[in-house]
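Engineer: Pasting the sequence and the predicted coordinates here, then a few questions.
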Amino acid sequence: MDISLHALGDSAVKIEFAGDVSPEMNREIQIFSEKIKNASVPGIVEWVPAFNSVTVYYNPIRLRYKEIEERLQQLHQEDGNLIQSGRRIISVPVLYGNGYGPDLERVADQSGFSVDEVIKVHSDGQYLVYMLGFLPGFPYLSGMDKRIATPRLEEPRPKIESGAVGIAYEQTGIYPIESPGGWNIIGKTPLKLFDQQKDDAFLFQAGDKVVFYPVDEKEFKRIEAEVAAGEFQVEVTEDGETD
């Protein structure tokens with residue numbers, strides 16, 4: 001997959017991948033990010049994968065633009081087959097509706113489905129984390145069934161609770177912290193997506209897969225208490241597929 005490089009100021013470079021945004025492109029982006037990680041290039045500070053790009057931040061005192069441009073081009077050309085590990089699949093419990101999903105009926109009306117059918121369609125899917133953004137740890141998830149796609153709210157809410165699961169057009173996502181927002185909120189997860197007290201502060205990484213499973217209020221409260229106590233183990237499995 002072809003790439004193009006563009007300087008962003010004097011300490012960052014954006015690597016754009018040619019073509020349409022797709023799971024295959026996402027795979028190439030994850031492989032490229034892994035190459036950067038494994039190369040441990042002196043002067044590279046961090047890199048941020050997105051829908052069709054990776055932005056690399058570097059120390060201009062240690063690296064000139066031409067030097068990092070050449071190194072990134074070399075990394076892109078290197079064989080990535082040896083680092084094509086399977087994606088993580090992360091299971092996320094959700095309490096749909098029940099006061100936690102004020103827009104669930106709106107999504108049902110928009111789709112022509114019943115509330116129970118919307119829950120089934122949403123929880124039957126497997127979603128790809130294309131990128132994290134907007135808020136710390138907010139996952140932009142693709143792969144949602146288009147039959148329940150719903151436009152954003154005309155007027156955003158001033159406050160959406162952390163853990164809220166929402167739909168905006170053909171995407172679904174989870175609010176990691178309390179925030180204003182215009183997504184249709186259909187439920188809530190008791191999991192913590194962002195915990196700055198941990199070394200690895202984010203639950204998700206770009207390239208992960210996510211599956212939702214419905215829980216009732218009793219189960220929600222139990223998981224919520226275990227999460228607060230640091231006792232809940234999120235179910236994480238390996239996909240093993242290489243796309």
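Structural biologist: Ah, there it is.
Engineer: now the most centrally placed residue in the chain: how far from residue 10?
Structural biologist: The centroid of the chain falls nearest to residue 139 when counting by Cα atoms, centre = their mean (2.7 Å). Here residue 139 is placed at a distance of 31 Å from residue 10 (Cβ to Cβ, to the nearest Å). In this view, the C-beta of every residue, glycine as well, is placed from N, C-alpha and C.
Engineer: Report how many residues lie close to residue 197.
Structural biologist: 7 (other Cβ atoms under 10 Å).
Engineer: What's the per-residue pLDDT of it here?
Structural biologist: Residue 197 is assigned 77 on the pLDDT scale.
Engineer: longest helix in this structure, by residue count?
Structural biologist: Counting by DSSP state H, the longest helix found in the chain is helix 23-39.
Engineer: got the contact list for the closest residue to residue 166 other than its chain neighbours?
Structural biologist: Spatial nearest neighbour of residue 166, excluding adjacent residues (Cβ to Cβ, 6 or more residues apart in numbering): residue 183 at 3.1 Å. Going by Cβ atoms under 8 Å, 6 or more residues apart in numbering, residue 183 touches 152, 153, 160, 164, 166, 167, 168, 173, 175.
Engineer: Let me know the secondary structure of the residue of the chain most remote from its centre.
Structural biologist: In the chain, the residue that sits farthest from the middle, by Cα atoms, centre = their mean, is residue 61; the gap is 32.5 Å. Following DSSP: H, G, I helix; E, B strand; the rest coil, the label given to residue 61 is coil.
Engineer: Return the alpha-carbon coordinates of the helix or strand hosting residue 5 using CSV.
Structural biologist: Element membership for residue 5 (DSSP states H and E) is strand 3-7. What follows is strand 3-7 as a C-alpha-only set of coordinates in CSV (Å, rounded to 0.1, in the frame of the first residue of the first chain):
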residue,chain,number,x,y,z
ILE,A,3,2.2,6.1,1.4
SER,A,4,2.9,9.8,1.3
LEU,A,5,4.7,11.8,3.9
HIS,A,6,4.0,15.4,5.0
ALA,A,7,5.8,17.6,7.6
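Engineer: Check which helices and strands the helix or strand just after it is in contact with.
Structural biologist: Using DSSP H and E, the helix or strand that directly follows strand 3-7 along the chain is strand 12-17. With contacts defined as 3 or more Cβ pairs under 8 Å, 6 or more residues apart in numbering; DSSP states H and E, the packing partners of strand 12-17 are strand 3-7, helix 23-39, strand 53-58, helix 65-77.
Engineer: What segments of this protein are helices?
Structural biologist: Using DSSP H, helices in the chain cover 23-39, 65-77, 104-111, 115-124, 217-228.
Engineer: Each with direction, which strands does the top strand by length along the chain pair with?
Structural biologist: Counting residues, the longest strand found in the chain (DSSP state E) is strand 88-96. Paired with strand 88-96 in the same sheet, following DSSP bridges, are strand 184-188 (antiparallel), strand 209-214 (parallel), strand 236-238 (antiparallel).
Engineer: from those, which stretch is densest packed?
Structural biologist: Stretch with highest mean neighbour count among these: strand 184-188 (a mean of 26; mean count of other Cβ atoms under 10 Å).
Engineer: Number of residues surrounding the closest residue to residue 10 other than its chain neighbours?
Structural biologist: Leaving aside its sequence neighbours, residue 10 sits nearest to residue 60 (Cβ to Cβ, 6+ apart; 5.0 Å). Residue 60: 13 surrounding residues under other Cβ under 10 Å.
Engineer: Just want the phi and psi numbers for residue 60.
Structural biologist: When read as degrees, to the nearest 10, the backbone of residue 60 gives phi -70, psi -10.
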